[in-house]
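K.L.:
Here is a sequence together with a model predicted from it:
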Amino acid sequence: MKLKDKLKDYKLIHWVYNLLHAKQLQHNKEAYEKYNVRKPLFNSISSKDFPDKTSQAWLDVNDSATVAATKKGFSNFTDDVQQQLLQWSSKGFLHLNNYFSEEQVDEVNQAVDELIHQKHLPVTHDNKVMFGYKHAAAIKKMMQDEGLKILLSFILDKDVVPFQTLNFVKGSGQRAHSDSIHMTTYPLGYLIAAWIALEDIHPDSGPLFYYPGSHKLPYLLNDDFENYSSRFKLGNKQYSDYEDVTEDIIHKSGLAYETFLPKKGDVLIWHANLIHGGMPVVNPALSRKSMVIHYYAKDVIKYHEITERPSLMEEE
């Protein structure tokens, strides 16, 4: 392991980095006060700081089949979306057909190509471009789509704020996981994701897969896969250990996965705890152009469980 990677295991390095980005931590100030968290905003934070390990989101506490239609704004959605909202509590996802136009999608694809070719942003080892919205107006515009934010805010019963964009060029091949190990909230359940098809997705390109109903499984947090940390150092478990435990849980649950083969402009919205990943890429010559946007609820504590870091949020 390189020295740089070893240093990342020490919380002190994170604290210094957080201090240098103090303005981007202010979003947690009111939430810390609300939930009685008595530590500096730059300090490490994880599920060990919170007593409750269950979701408090209204469609987790209640059944959407009985309460969604009673909420103001429900009637503003299309019949198809209304029916899917009624199934949110049981399935943990919904699918919007042909939501973004071909022109909107093409603008984003062009922006991503420019970011890559002009070397503004690197393509990561798992074939994605991170935080493209900071560099391209077309990506930011899609991220801030008002209709999408209205729907996500309805699902969470809180205003949402976008945290990041991930633009995939090819299939990630990522193993099964829940977003909540990476982007976590207190109370739990207040992250939500939108996956946008930027082209028709071919079954051999390594399409997205997900496990309907898996969001109802207990949240898998650091201590649940023995990733125990100390006051100054992160736990010694690897991310692959988390993936191993996740696959074991899925195997024992008996849940079956579905593969997502959308058309260009389609959107999949999923619950914070829905287990998902990328199928193996059968044909490496195929692209799998897509964009994921993660949104936090605005008034909750936002952090990253696996690294015990508070989230850095851009000022609106």
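P.N.:
Nice, thanks for sending it over.

K.L.:
Phi, psi for I301 please.
P.N.:
For I301, the backbone dihedrals (degrees, to the nearest 10) come out as phi -80, psi 130.

K.L.:
Does it touch I45 like I think?
P.N.:
Yes. Between I301 and I45 there is a contact at 7.3 Å, judged by C-beta atoms under 8 Å. (Glycine included, C-beta is placed from N, CA and C.)

K.L.:
Please list all residues in contact with the residue nearest to A22 when sequence neighbours are not counted.
P.N.:
Leaving aside its chain neighbours, A22 sits nearest to F42 (6.7 Å; criterion: C-beta to C-beta, 6 or more residues apart in numbering). F42 is in contact with 15, 18-19, 22, 25, 310, counting by C-beta atoms under 8 Å, 6 or more residues apart in numbering.

K.L.:
and for I301 and I45, which residues touch both?
P.N.:
Common contacts of I301 and I45 (C-beta under 8 Å, 6+ apart): V37.

K.L.:
Start and end of stretch 122-134, how far apart?
P.N.:
One end of stretch 122-134 sits 14 Å from the other (C-alpha to C-alpha, to the nearest Å).

K.L.:
Same question for stretch 263-275.
P.N.:
Its first and final residues considered, stretch 263-275 spans 22 Å by C-alpha to C-alpha.

K.L.:
residues of it that come out buried?
P.N.:
For stretch 263-275, the neighbour count (16 or more other C-beta atoms under 10 Å) marks 264-275 as buried.

K.L.:
Ok, stretch 244-256 next?
P.N.:
Per 16+ other C-beta under 10 Å, stretch 244-256 contains these buried residues: 245-246, 249-250, 255.

K.L.:
Take the residues you listed and keep only those in helices.
P.N.:
Residues of the buried residues of stretch 244-256 located in helices (DSSP state H): 245-246, 249-250.

K.L.:
neighbours around the residue nearest to T124 when sequence neighbours are not counted, how many?
P.N.:
Spatially, and ignoring its direct neighbours in sequence, T124 is nearest to M130 (6.6 Å; C-beta to C-beta, 6+ apart). Burial of M130 is recorded as 14 neighbouring residues (other C-beta atoms under 10 Å).

K.L.:
separation between M130 and M291?
P.N.:
For M130, the distance to M291 (C-beta to C-beta, to the nearest Å) stands at 11 Å.

K.L.:
Now for these two: what residues contact both?
P.N.:
165-166.

K.L.:
Surely N109 is in a helix?
P.N.:
Yes. According to DSSP: H, G, I helix; E, B strand; the rest coil, N109 belongs to a helix.

K.L.:
which residues sit in contact with the residue nearest to it when sequence neighbours are not counted?
P.N.:
The shortest distance from N109 to any non-neighbouring residue, by C-beta to C-beta, 6+ apart, is to L198 (5.5 Å). By C-beta under 8 Å, 6+ apart, the contact list for L198 reads 105, 108-109, 112, 167, 264, 289-291.
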